Every structure is written in structure tokens, then in C-alpha cells.
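1. when you get a sec, could you give me coordinates for this:
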Amino acid sequence: MKIPVLVYHSVNNNKSHINLEVINFEKQINFLKRRGFETISFDEIDNTKKKQIIITFDDGYKDLCYFVLPILKKYNYKATCFLVSNLIGKQNSWDSLRDDYVSKELMNTENINEWINSGMNIGSHSHNHNDLTKLKKFDLENDLEFSKKILEDKFGQEIENFCYPFGKVNKSVYEVVEKKFKRAVTINRSRYETNKHNFLLIPRIDMGKNLSIFKIFLKTETFYEDIKFKQNELYL
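-> Sure thing, here's the model as predicted:
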């Protein structure tokens, strides 16, 4: 069973290196619906079913409520958003040193509750969106513990899924994540094979750009992404 786990960041018509225009996002969702894909959450994976897909969003930008939610509802789709617990209602400060930086608002508590109440899911993207591989063990433990606890207390959901900031993970980070979460997603490319890939190093498919219908098909229904898989440099 190969499950495409799609990753997006921001869906907006503003200029930013992480933006996907709204019309192109709906084009992708429309195509996936017509191809018969059913969206599921990570705990709903059923290896006896075909055409399952998981949609994820990193960071929790406010435009998810403005542009993404109406489209997901229109097609009866659902998604998971990975939130930075200490930056709820703030901006994407972790990108501020980039030459092409554009300040973008993150969802506040009210926005996130709307997301959840619309049938969507949330996960942790750490507490501060730091490169976790550069943190000391004590700080790493606290960062992930704070993130999990704050999100659970604030939104009343068990936080089982994690997303590595910047896709950075080493053995130390992996071992802390393993103690606190059931699953974790990476930026490694491939469709997710439950009997092959490590469930704490789940690969995803980047969809956050304007793609032709043919390219969407290649990415989700062929080995196009699978052959680009690169195992994390971990000896686990």
C-alpha cells in the first residue's frame, strides 16, 4: 500500500516562496477528488483500501482558514496542520533571515478552533520552529514537551503526530520524538509505504507549487516520487 502524504505550507495569492495560489490549490484538490482519492488522517490508514491520501500543512498560516478550509469543505476533504505552539497568533519569524522573507501571519487560537471544529486535525511542529539538531538534549526535551502539552491543553486533543522543523532530524532528535509521539513526518520524497518506511520518518510529496494535471498524476499515482526517496542519514 502506497499512500501519498502531501505537504503544503501557505495557500495565498500574495508573493512568497512558500505560497501556492488559491486557484492552483483547488485545481489539485479537484483532480484528486475526480481520481477517486479519499482523504484520511494518520490513524485511519487501512492497508486493505486503495486511493487513500493524507493532506498536511506545515506551520499553520492564517490563510488556511481564509482559503483552504472552504475548498476542503467543498470537496469533503480533511487535512492535518502542524502548529508551532509558541508562535500561535504571531508570524513566521524563523524565516526572517532569508533574502526573500515575507512576514506571514499564523493562525491564532480562534482560527485553530475553527480548523478543528471543521473536522480537521492538528499536530506539533515544535515549540519555536528551531533546528532541533542544534539544541542541547535538555532544551530539545523541553521544546517537544512544551509543544505537545500546550497544544493538548489549549485544544483538547491528544497530539500524536510531529513534523520536524526544516526537515532536520538526527539520532538525538529521533530518540526524543520517539518517546513523545506516535508518528513523525519528514521532507523525504516518496509515497508512504507502511510496511517499508519508518513511521517516525514518514516521507511526503511537496505539492506547494503550480503543477500540471499530468505532474499531479505522476506524483500521486506512479513511482515518480518513490524513486527519489532518500533515507535519513541515521543508523537506527
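
2. residue 201 is in contact with residue 5, correct?
-> No. At 11.8 Å, residue 5 and residue 201 do not qualify as touching, with contact defined as C-beta atoms under 8 Å. All C-beta atoms are positioned from the backbone trio N, CA, C, and that covers glycine.

3. mind giving me the packing neighbours of the longest helix along the chain?
-> Determined from DSSP state H, the single longest helix within the chain is helix 137-155. If you count contacts as 3 or more C-beta pairs under 8 Å, 6 or more residues apart in numbering; DSSP states H and E, helix 137-155 packs onto helix 109-117, strand 121-124, helix 171-180.

4. can you pull the buried residues of the first one?
-> Yep, that's helix 109-117 we're talking about. Within helix 109-117, the residues that count as buried by 16 or more other C-beta atoms under 10 Å are 111, 112, 115.

5. could the helices and strands packed on helix 137-155 go into CSV alongside distance to residue 38?
-> Formatted as CSV, the helices and strands packed on helix 137-155 follow (distance: least, C-beta to C-beta, whole Å):
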stretch, distance to residue 38
helix 109-117, 20
strand 121-124, 15
helix 171-180, 28
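
6. which parts of this structure are strands?
-> 2-3, 5-8, 10-11, 19-20, 38-39, 52-59, 80-83, 121-124, 161-163, 183-189, 192-193, 202-206 (DSSP state E).

7. isn't residue 159 up against residue 123?
-> Yes. The pair residue 159 and residue 123 qualifies as a contact (C-beta under 8 Å) at a distance of 6.2 Å.

8. so what pairs up with the closest residue in space to residue 57 that isn't next to it in sequence in the strands?
-> Of all residues not flanking residue 57 in the chain, residue 81 sits nearest, at 4.4 Å (C-beta to C-beta, 6 or more residues apart in numbering). For residue 81, the beta-bridge partners are residue 57, residue 122 (DSSP bridges).

9. ok, residue 81 - contacts?
-> The contact partners of residue 81, by C-beta atoms under 8 Å, 6 or more residues apart in numbering, come to 56, 57, 58, 60, 64, 107, 112, 115, 120, 121, 122, 123.

10. next, the distance between the ends of stretch 91-101.
-> 11 Å (C-alpha to C-alpha, to the nearest Å).

11. what sits up against that stretch?
-> 16-17, 59, 61, 84, 87, 102-106, 128-130, 165.

12. out of those, which is most surrounded?
-> Counting neighbours by other C-beta atoms under 10 Å, residue 61 comes out on top of the contacts of stretch 91-101 with 27 neighbours.

13. who does that one bridge with?
-> Bridge pairing for residue 61 - DSSP bridges - gives residue 106.

14. right, and it touches residue 104 too?
-> Yes. Using C-beta under 8 Å, residue 61 is in contact with residue 104, at 5.6 Å.

15. mutual contacts of those two, please.
-> 10, 12, 92.

16. possible to save those residues as JSON lines with neighbour count?
-> Output for these, formatted as JSON lines (neighbours: other C-beta atoms under 10 Å):
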{"residue": "10", "neighbour count": "25"}
{"residue": "12", "neighbour count": "22"}
{"residue": "92", "neighbour count": "23"}
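
17. out of these, who's nearest residue 152?
-> Taking C-beta to C-beta as the measure, residue 92 is the one of the shared contacts of residue 61 and residue 104 closest to residue 152, at 23.2 Å.

18. okay, that closest one and residue 75: tell me how far apart.
-> Taking C-beta to C-beta, to the nearest Å as the measure, residue 92 and residue 75 are separated by 27 Å.

19. then residue 81?
-> Computed as C-beta to C-beta, the residue 81 to residue 75 distance reads 17 Å.

20. and residue 225, by the same measure?
-> For residue 225, the distance to residue 75 - C-beta to C-beta - is 22 Å.

21. which of the two has more residues huddled nearby?
-> Counting neighbours by other C-beta under 10 Å for residue 225 and for residue 75 shows that residue 225 has the greater number, 20 against 15.
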